[in-house]
Every structure is written in structure tokens, then in C-alpha cells.
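Novice: what's the 3D shape of this:
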Amino acid sequence: MKSIQTILKSLKRQTSSGRFIPFVDGLRFLAIMPVIIQHASERLMKYNPQVEIQAGIEQQAEFLVSRGAIGVIIFFTLSGFILSLPFAQATATFNYKKYLGRRLTRLEPPFIFWMTCFAIVLLIQSGMDVSMITERWLASVLYIHTINYQEFSLINPVAWSLEVEIQYYLIAPFLAMLYFNQPDKRFRRAFLIVFLLLFLVYQHSLGWHLFPVKASLLGHLQHFLIGMLIADLYRNDTQWVAQKHIIWDLMAPLCLLTMAYTWTEEFGKTLLMNLALAGLFIAALKGRYFPALLSTRMVTVIGGMCYTIYLIHLPLLELLYSFIGDFGQSTSWSVQLSLSLLIALPLVLLSSMIGFKLIEQPFMKRDAMTQLKGFFSFSNTKKQVSVSK
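Specialist: You can find the predicted model right below:
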């Protein structure tokens, strides 16, 4: 037991601010798991076309599993929340250069590493032209693949959401400063809510809710701004947040179900889904048991590894299900998916744990930039010495 606790402690995510908010990583867990299960189900039906979905409960279960993309929406709202926190209580001056530098040292190295690995694998397996793979890889690592090719990344399709993230990342500080510079809390919150409603009307009238524009910030800005609103409540209404009630624990699963059933292109359902999204985050603040569940060690550890999990899970599932897609004797979708997940889920989490420790965690340290500079300085010194010899 002690060794397990030691392993879990070593996997704890390090934050740039040094502050750890457990329910945030819990929400990351809540976001990544539906995405994994949805992609596992899709791979199962791809590699085992004999799987049958029975009418009734199984059909409803399959529908809910197919709604796993709501996890990506939760990720967007988390980004809006996290990036707004430093501005919610202005305690320090903002430096945009350092802000971008943190992104370059924290998130880019793992992203480029994994995208390069998957590009090499795709090149070997597909036999596609090297120049085409190179072009698609370059577009992917520059976050312009969806915009440029009007389709998801050929290297790793899930990278589309990271393109949306980077678009928001570049403007997030300016939006947060504009919002929090208004001292009247009621006015700025009312203004933001009205803006969200008007934006959704504008979004649907111009077709921004449809692909390919949907796979850009214009299709998801409302989700990030909901995160900004939650950050405002969390930082500036601490007494209200401290008033916990079990009703919010009951609201959490209801909000998740509402999101699943209203994730469509219809305007009315879109309004309801965004309301449920906000409700889910408020439940994470004000529930009695839901926040505690999100803050458990195992949940926060897995949630803290979500970036690595998100980057590698789809290619890994593609490989795994090419071998285990027809695992078992039953043709029932629920039985086949359950059996296959007993194999796939532990392997995805174990692989992610290794990737997290080796590739992502080293770049979480605050002095990552200094370490990189030191590495290149050391390399240059060695070259100079070699030349002098």
C-alpha cells in the first residue's frame, strides 16, 4: 500500500503557480474518461462489424457513450477557468512574453514529441508520400491543420481541440483583463451572460456551429467564457462557494446527462447544454460530496495526466482494437465493449503513466525554461571546445 501511495505521489501534477486545486484535476478525469470510452466504442465497431446494438437499454447506453465529446467541452471550460484565475484577483503584473514562454516549455515539447512519433508510424504503415506526411505534420504542430485542410489532423485527429485551445490561449489574458477590470461584479457578470446569449444567436445565424468553423474558437468561445465566469465566482464569492448543499451533488449527474442529450446543432438545445455545463462546474464548487469525489487521490492523479492521455489514447486504441476488436464470443455491443475495456483501459492508463513521467512531467517544473537554456548552452560550449581542439 505504501508503495502505491508513493507512486501516486510521484505522479502528482505540478502547476506553474505552485497551487494545487484538486477538483480541477477531478474535472479533468471527468472529461477524459468519456472521450476514451467513446473512441474505444468506435474502434470496436470498426474492427468488429458483427457487433449488434440491441434496442432498449443497450441502445440508450450506446447513445450516451457516443456523446463522449462533451468531455472536450469540459476541457474548454476548464481552460477558461484556469487561465482566468490569475486575473480574478489581480495580485501581480502580467507579462505576455513569460505567459507564452510557459506554454512553449510546458505543453509544446510533449505535443511535438508525440505528433512526430505518430507521423513516423503513419508513414511506415500507410506508405503515403513523405512530403504529404511532412506537410500534415507541420500543419498539426503549428495548430493550423483543421483551418488549412478543412478536416481533422491526419496525424492525430484529436489534435483539432488543441488548435481551438491555442486560439483561446493567445487572447485569454486580454479577455480576462477586460472582464476583471470592471470592478462592479454584478455588472460584469450580467454583461458576460448577455454577451454569451448574443454570441450564441450570432454563432447559429452565421453557421459557426457547423463544421469546419465549429472546430475553431468561433464554435466554442462560449465554453471558455463560462469558465471565466466560474473563476470569478470561485475567487470573488468565497462565502457563497463555501455554502455547500447536497442539492448540487444531485445536480452534477443531471447536468452531465443534460449535456449528453442536448449536444446537437439545434439552438434551443445548445442554450440548455451551456446552462448544464455551468451547472456542472457550480456543482464542483458547491456540492458536499461531488467535490470530495473529484478530489480523491486516484481521480486527481489520472486527471493530472489527461494531456498525455489525450494525446496518445486514440492511436493506441486504434492499435489495440486491431487485435482485440473481436475479443470474446458475444456479439452484444455492451458485452464486447466491457470485455475489451478490461484490456484497453489499463493499457492506455499504464502507457500514459509512462509517457507522463518521461515526456510530460519534466516540463512541468517552473525552471523548465532555464533547464532548456542550460542544455543548449552546454551543447554550444561542447561544440566550441571540440572546434578549439
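Novice: contacts, neighbours, all on C-alpha from now
Specialist: Will do.
Novice: State the mean pLDDT of stretch 169-186.
Specialist: Stretch 169-186 shows a mean pLDDT of 96.
Novice: Mind listing what's buried along it?
Specialist: By neighbour count with 16 or more other C-alpha atoms under 10 Å, stretch 169-186 contains the buried residues 169, 172-173, 175-177, 179-180.
Novice: go on, stretch 103-119?
Specialist: Judged by neighbour count (16+ other C-alpha under 10 Å), stretch 103-119 contains these buried residues: 105-106, 110-112, 114-116, 118-119.
Novice: helix or strand right after the host helix or strand of residue 63?
Specialist: Using DSSP states H and E, residue 63 sits within helix 57-66. Downstream of helix 57-66, the first helix or strand assigned by DSSP H and E is helix 70-88.
Novice: Output that next one in CSV with nothing but the alpha carbons.
Specialist: What follows is helix 70-88 as a C-alpha-only set of coordinates in CSV (Å, rounded to 0.1, in the frame of the first residue of the first chain):
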residue,chain,number,x,y,z
ILE,A,70,-18.8,16.5,-24.1
GLY,A,71,-15.6,15.8,-22.3
VAL,A,72,-13.8,18.1,-24.8
ILE,A,73,-16.3,20.8,-23.9
ILE,A,74,-15.5,20.3,-20.3
PHE,A,75,-11.8,20.7,-21.1
PHE,A,76,-12.5,24.0,-22.9
THR,A,77,-14.4,25.4,-19.9
LEU,A,78,-11.5,24.2,-17.6
SER,A,79,-9.1,26.2,-19.7
GLY,A,80,-11.3,29.3,-19.4
PHE,A,81,-11.4,28.8,-15.7
ILE,A,82,-7.7,28.2,-15.2
LEU,A,83,-6.4,31.0,-17.5
SER,A,84,-8.8,33.4,-15.8
LEU,A,85,-7.8,32.7,-12.2
PRO,A,86,-4.6,34.9,-12.1
PHE,A,87,-6.7,37.9,-13.2
ALA,A,88,-9.7,37.2,-10.9
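Novice: What is it packed up against?
Specialist: helix 22-47, helix 160-180, helix 221-236 (3 or more C-alpha pairs under 8 Å, 6 or more residues apart in numbering; DSSP states H and E).
Novice: Let me have those helices in JSON lines, adding distance to residue 346 as columns.
Specialist: As requested, the helices and strands packed on helix 70-88 are exported to JSON lines (distance: least, C-alpha to C-alpha, whole Å):
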{"stretch": "helix 22-47", "distance to residue 346": "12"}
{"stretch": "helix 160-180", "distance to residue 346": "24"}
{"stretch": "helix 221-236", "distance to residue 346": "31"}
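Novice: Show me the residue at the heart of the protein, geometrically.
Specialist: Most central in the chain under C-alpha atoms, centre = their mean is residue 75, positioned 4.0 Å from the mean C-alpha point.
Novice: check contacts around that one.
Specialist: Residue 75 sits next to 28, 31 when contact means C-alpha atoms under 8 Å, 6 or more residues apart in numbering.
Novice: any idea how far it is from residue 341?
Specialist: Residue 75 is 23 Å from residue 341, where distance means C-alpha to C-alpha, to the nearest Å.
Novice: Residue 290 is in contact with residue 280, isn't it?
Specialist: No - between residue 290 and residue 280 there is no contact under C-alpha atoms under 8 Å: 10.0 Å.
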